[in-house]
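Okay, predicted coordinates and the sequence, questions at the end:
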Amino acid sequence: MSYDTEANKILSELKDVIAKYKQLNFTPEAIEDGEVKETQVVGCLISDYFDYDPEQIFEASQSAFEDVNYHSFNQEFQKIWNKDLSKSDETYNK
């Protein structure tokens, strides 16, 4: 099977998983009213998948931005992440 065929199959399966996750985690009313965006569902799914670990979620976000060539953004994102971590460390170590 070619790479493109396999990649398309995986993406199709992922869309099915996203749809199922949406049905399980959001109210029917919110879904019917169009209040639940696919990006929100994917974000919640990623958080859940990484067991709500901020560092893993951050790393996944960085990988996604790298994939779309947002290198400058990622550099700033890293600076903000490091700044936030140092604030958290200061609060925790008091």
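Sure thing, it's come through.

Please count neighbours and contacts with C-alpha atoms only from this point.
Fine.

tell me, how many neighbours does Glu29 end up with?
Counted with other C-alpha atoms under 10 Å, residues neighbouring Glu29 total 10.

what does the strand or helix carrying it rub up against?
For Glu29, the element it lies in under DSSP states H and E is helix 28-32. Residues outside helix 28-32 that contact it (C-alpha atoms under 8 Å, 6 or more residues apart in numbering) are Val36.

Which elements pack onto the following helix or strand past it?
Counting by DSSP H and E, the next helix or strand C-terminal to helix 28-32 is helix 38-49. Counting contacts by 3 or more C-alpha pairs under 8 Å, 6 or more residues apart in numbering; DSSP states H and E, helix 38-49 packs against helix 3-25.

Check which helices and strands the helix it packs on is in contact with.
Using 3+ C-alpha pairs under 8 Å, 6+ apart, helix 3-25 sits against helix 38-49.

For the helix it packs on, which residues meet the burial criterion?
By 16 or more other C-alpha atoms under 10 Å, the buried positions in helix 38-49 come out as Val41, Val42, Cys44, Leu45, Ile46, Ser47.
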